[in-house]
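1. Kindly return the folded structure for what I paste below:
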Amino acid sequence: MQTEPQVSFDDLPVDEAVRDAALEHVAQLERLYDRITGCHVVVAQPHRHHREGRLYAVRVDLVVPGGEIVINRDQHLDHAHEDVFVALRDAFLAARRRLEDHVRRLRGAEKAHTPRARGRITQIFPLQGYGFIATPDGREIYFHRHAISDQDFRMADVGSPVLFTEEEGDQGPQAAAVHLERPHNHALHRGGSSAGAES
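-> Got it, this is the predicted structure:
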C-alpha cells in the first residue's frame, strides 16, 4: 500500500484492540489484492438510543486503481453491531465483496485490451493436456489445453505458430486464448485431420 492505512474513531476513545483488528482486516484485503493504494477506516457510534443500545457504525474507504470503494455500514437496526468487532467484520466482508467485483471488472477490461503476441509451440504433451510456447522475447511459457480449442489442440505440433495473450497464473506467467495461426485455413479444413493429430 502506498500510504499507511488509517483507523479513526469518531467521537469515541481510541481503542488499540479495535485498531489492531481493523488493521488485520485491511491486511487480509491486501492479500486478496495487492494494488490497494490507500485505506481509511472510521469507527463511530451514531446511534446511542437506550432502547437499541450502543450500536457501532464502520466506514471503510479503499483507494484502488480505477476508482474508490466506500463501505458505510450504518445498520442501526442490527443489534449484533452492539459488538464493535462484529460491526468491523460485517463492514470488511462487504468491502471484500465489492473489492472482488472491482478486481473482476478490472481484469476483464485489462484482458480485453491485452495485445496478442505471436509465438511457436516448443513442447506439447497431448495426453497430459498441456504444452509450452516460445515467446517473442525468448521465454518459454506454459499453456493448458483449456486455453486452446479442442480442434487446435489436436492439430498443434512442435513448431506450430500461435497467437496468444499472456496472463499471470498460480505458478507464474502462462498463455491464454491460444489460437493456431493457419494461413491456409480452408485447405487445412478440406485436408482433414492429418497434421499433429498423433503424438
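2. Neighbours of the residue nearest to Pro161 when sequence neighbours are not counted, how many?
-> Nearest residue to Pro161 in three dimensions, chain neighbours excluded: Glu181, at 4.2 Å (Cβ to Cβ, 6 or more residues apart in numbering). C-beta: built from backbone N, CA, C; applies to glycine. By other Cβ atoms under 10 Å, the residues close to Glu181 number 13.
3. List the residues that contact Glu181.
-> Glu181 makes contact with Arg118, Ser160, Pro161, Val162, Leu163 under the criterion Cβ atoms under 8 Å, 6 or more residues apart in numbering.
4. By neighbours, which of the residues you listed wins?
-> Counting neighbours by other Cβ under 10 Å, the top entry in the contacts of Glu181 is Val162, with 22 neighbours.
5. can you give me the helices in the chain?
-> In the chain, the helices defined using DSSP state H lie at 16-32, 84-112, 150-155, 185-191.
6. export these to TSV and tack on mean neighbour count, distance to Phe125 and mean pLDDT?
-> Below are those laid out as TSV (neighbours: other Cβ atoms under 10 Å; distance: least, Cβ to Cβ, whole Å; pLDDT from 0 to 100):
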stretch	mean neighbour count	distance to Phe125	mean pLDDT
helix 16-32	16	33	96
helix 84-112	16	26	85
helix 150-155	16	11	88
helix 185-191	10	23	42
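7. could those helices go into a markdown table alongside distance to Phe143?
-> Formatted as a markdown table, the helices of the chain follow (distance: least, Cβ to Cβ, whole Å):
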| stretch | distance to Phe143 |
| --- | --- |
| helix 16-32 | 26 |
| helix 84-112 | 15 |
| helix 150-155 | 10 |
| helix 185-191 | 21 |
